[in-house]
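Asks: From the sequence below, what's the structure:
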Amino acid sequence: MKILFIDSAHPSLKKELLKNGFTCDEDFISSKEEIENRISSYNGVILRSRFNIDRQFIDRFTADFLPQQQKGRLRFIARVGAGMEHIDTAYAESRGIKCISSPEGNRNAVAEHALGMLLNLMNNISKANEEVKTGKWLREVNRGTELEGKTVGIYGYGNTGSAFAKVLRGFDLKLLAFDKYKKNFGNEFIKESSPEEIFHEADIVSVHLPLTEETKYLLDDSFISKFWKNIYLINTSRGPIVNTQDLVKNLMNGKVLGACLDVLEYEECSFELIQPGVKTQQPEALQYLLNSNRAILTPHIAGWSFESSEKMANILAAKICRL
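Replies: Residues are numbered from 1 along each chain as shown. Coordinates of the predicted model:
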C-alpha cells in the first residue's frame, strides 16, 4: 500500500508504517493541483492542515479518465491531529474512503494548556510578570481569584473535554458538562448537565467542540447573555466557534471577566499581520484582545506539545495498520 505524506509528522509515524510494509512518499512543496494530478497512484494520504481535501480532490480517484485498475484505490485520508473541518469527510466516506484522525494523542496537552491559561488569567501572572520586569511592584491590583468553590462548565465531552475535566479533579470545585451527542458519561467527578444548568451555575466555561455549521458562532452575544454569573471563557477548540466581536463587547461590559483563547476566529491572517516595526490594519476586535490584560492569547499550540506530537503519530500509525 502506497501512502503520500503532504504534511510533516513526527518521524515515528513513517517509521512504524515502513516497518509494517507500507511505501511512504513525501511531498511538502507541490501545489494542491500538482498533487491532485498524481494522487491516483496512492492508497492513503496523511496531512495536518496544509490545504482542504474537497470533492474535487476526492474525485480524482474515480474520474472517468483514470484506467479502471486505478479507480477507487484511495483507502483512507488520515489527519495528524483532531479537527477534520478541512476535509469533506461525508463525501469521502460516501465514496468508500475512510477518514481517520488522532485526537487521543493531544487531549492531555490541550487540557494542561487550558488549565495553565486559566490559572494565569485568574492570578494575573503574565500581567504581574511584565510589571515587575518594568520596575512596578503592584500587589493589590494583581490579587488573584481561586478555583476552589467555583463551578466549571464544559461544552463538549469528547477527548479534550473529558481530559480537561480530569486535570481539574485535584481542585475543590464543581464540574458540569454538556455534550449534545454523548450521554451517560457522568461520574463521581463530573455531572452530566443541560445547557440551562450550566447557564445558571457556571463561573468558568470551557469549549471543546469541533467546528461545524452547527457550532460556528455558537458563543455569541445571545449565548453569553444567558449566563447568570459573570464568567471566564476558555476556547482551545476552533476560533470561529466564538464570535470575537460579541466576546469583546462582553469583555468591555464585564459579563466576561476574562478570556483564554488558544484559537482565534481569524487566525489564518491575524499573526501574519503582526510584524515587528510594521504598522498594519488589524481587525478592531483583535486589536482589543491584543491590548487587554483580561485576555490570554496563544497561537493555536494547546495540543502541540513535544509529547503529543509523538503520541498522535503513534496512534495514527496504529489506526492505519488496523485498516
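Asks: Which residues are in contact with Leu316?
Replies: Leu316 makes contacts with Ala9, Leu13, Ile46, Ala78, Val80, Ile100, Ser101, Ser102, Gly105, as judged by C-beta atoms under 8 Å, 6 or more residues apart in numbering. The C-beta positions use only the backbone N, C-alpha and C, and glycine is treated the same way.
Asks: give me phi/psi at the fourth one?
Replies: This points to Ala78. The phi and psi values for Ala78, taken as degrees, to the nearest 10, are phi -120, psi 130.
Asks: what sits opposite it in the beta ladder?
Replies: For Ala78, the beta-bridge partners are Ile46, Ile100 (DSSP bridges).
Asks: Stretch 230-246: which residues count as buried?
Replies: Using 16 or more other C-beta atoms under 10 Å as the test for burial, stretch 230-246 gives 231-246.
Asks: mind checking the end-to-end distance for it?
Replies: Using C-alpha to C-alpha, to the nearest Å, one end of stretch 230-246 lies 15 Å from the other.
Asks: next helix or strand past the strand or helix carrying Gly116?
Replies: If you go by DSSP states H and E, Gly116 is part of helix 107-122. Going down the chain from helix 107-122, the next helix or strand is helix 125-133, by DSSP H and E.
Asks: pLDDT averaged over that next one - what is it?
Replies: Averaged over helix 125-133, pLDDT sits at 97.
Asks: What is it packed up against?
Replies: Helices and strands touching helix 125-133, as assessed by 3 or more C-beta pairs under 8 Å, 6 or more residues apart in numbering; DSSP states H and E, are absent.
Asks: Kindly recompute the last result at 10 Å.
Replies: Applying 3 or more C-beta pairs under 10 Å, 6 or more residues apart in numbering; DSSP states H and E, one finds that helix 125-133 makes contact with helix 107-122, strand 295-297.
Asks: The ones you listed into JSON lines, with extra columns for distance to Lys226?
Replies: Below are the helices and strands packed on helix 125-133 laid out as JSON lines (distance: least, C-beta to C-beta, whole Å):
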{"stretch": "helix 107-122", "distance to Lys226": "21"}
{"stretch": "strand 295-297", "distance to Lys226": "21"}
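Asks: This completes my enquiry, with thanks.
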